[in-house]
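*Asks:* Using only what follows, build the 3D model:
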Amino acid sequence: MNILVVDDEREIADLIEIYLQNENFQVFKYYESESILDDLDDIKIDLAILDVMMPNIDGFQLCRKIREKYEFPIIFVTAKIEDIDKISGLTLGADDYITKPFQPLELIARIKAQLRRYKKYNQKREEEVIEFRNIIMNKSTHECFLNDKKLNLTPIEFSCLWYLCLNRGHVVRTEDLFREVWKEKYFEKDNNTVMVHIRHLREKMADTGKIPKYIKTIWGVGYKIENGI
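*Replies:* Numbering: from 1, shown residues only. Below you'll find the model as predicted:
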């Protein structure tokens with residue numbers, strides 16, 4: 001899992017990195033806040049450890065900016081011990097707070113606890129919501145948004161896109177898609193039925209170029225939505 005560490009005290013950031021790597025975490029370490037905001041869209045972060053007292057953009061400001069887009073757990077590590085500072089951090093969206101000096105093993109324990117909670121929450125959430133590559137699908141409300149624009153999908157179109165997104169990164173065979181969505185036995189003639197619905201989906205997603213950006217045809221096999229861009 002990927003852990004973000006942001007602390008201008010290099011010795012502390014380096015120490016945290018060592019302990020995290022010993023636990024087989026992948027660490028993305030920064031000694032200041034500015035550059036991380038540009039990098040967040042390009043790396044998948046599972047948890048962030050932020051120092052509060054940093055120059056320019058402090059930990060509170062960084063937490064606020066992260067929470068505008070991301071839901072992963074945030075733990076503050078700071079020398080500030082006043083209750084009002086702890087309350088401020090938690091109010092801004094932090095999940096935990098540990099003061100310096102601290103025992104590295106205690107920090108590791110808190111990290112693992114937050115990751116367990118987040119994983120459990122995400123597993124429940126992913127049963128109803130898919131969100132990636134500017135696509136947001138809510139199964140309970142049957143709503144689909146692409147680039148913040150709501151798509152007017154039929155129930156069959158929604159189910160096709162849901163199943164493709166659920167299996168993103170993998171080729172979905174035409175017969176498997178048909179059986180999953182139509183709940184019927186697949187026959188050769190049903191290939192045309194699937195093709196028509198995929199074409200309508202592409203039209204509504206403005207994905208009708210020679211090389212579709214989202215739904216790709218794997219000739220003779222089925223369809224695929226890539227995990228990345």
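*Asks:* so what pLDDT did the closest residue to residue 79 other than its chain neighbours get?
*Replies:* Distances taken as CB to CB, 6 or more residues apart in numbering put residue 100 closest to residue 79, at 4.6 Å, once the chain neighbours are dropped. Every residue, glycine included, has its C-beta placed from N, CA and C. pLDDT, residue 100: 85.
*Asks:* From residue 112, how far out is residue 100?
*Replies:* 20 Å (CB to CB, to the nearest Å).
*Asks:* The residue located most distally from the centre of the chain: what's it in contact with?
*Replies:* Relative to the mean C-alpha coordinate of the chain, counting by CA atoms, centre = their mean, the farthest residue is residue 189 (38.1 Å). Contact analysis of residue 189 by CB atoms under 8 Å, 6 or more residues apart in numbering lists nothing.
*Asks:* again with residue 44
*Replies:* By CB under 8 Å, 6+ apart, the neighbours of residue 44 are residue 2.
*Asks:* Kindly recompute the last result at 10 Å.
*Replies:* 1, 2, 26, 28, 72 (CB atoms under 10 Å, 6 or more residues apart in numbering).
*Asks:* Of these, which pair is most distant in space?
*Replies:* Greatest spacing in those, by CB to CB: 26 and 72 (13.6 Å).
*Asks:* what is in contact with these two at once?
*Replies:* 1, 2, 3, 44, 45, 46.
*Asks:* With residue 98 as the reference, measure out to residue 120.
*Replies:* In terms of CB to CB, residue 120 sits 22 Å off from residue 98.
*Asks:* Cheers, nothing more for now.
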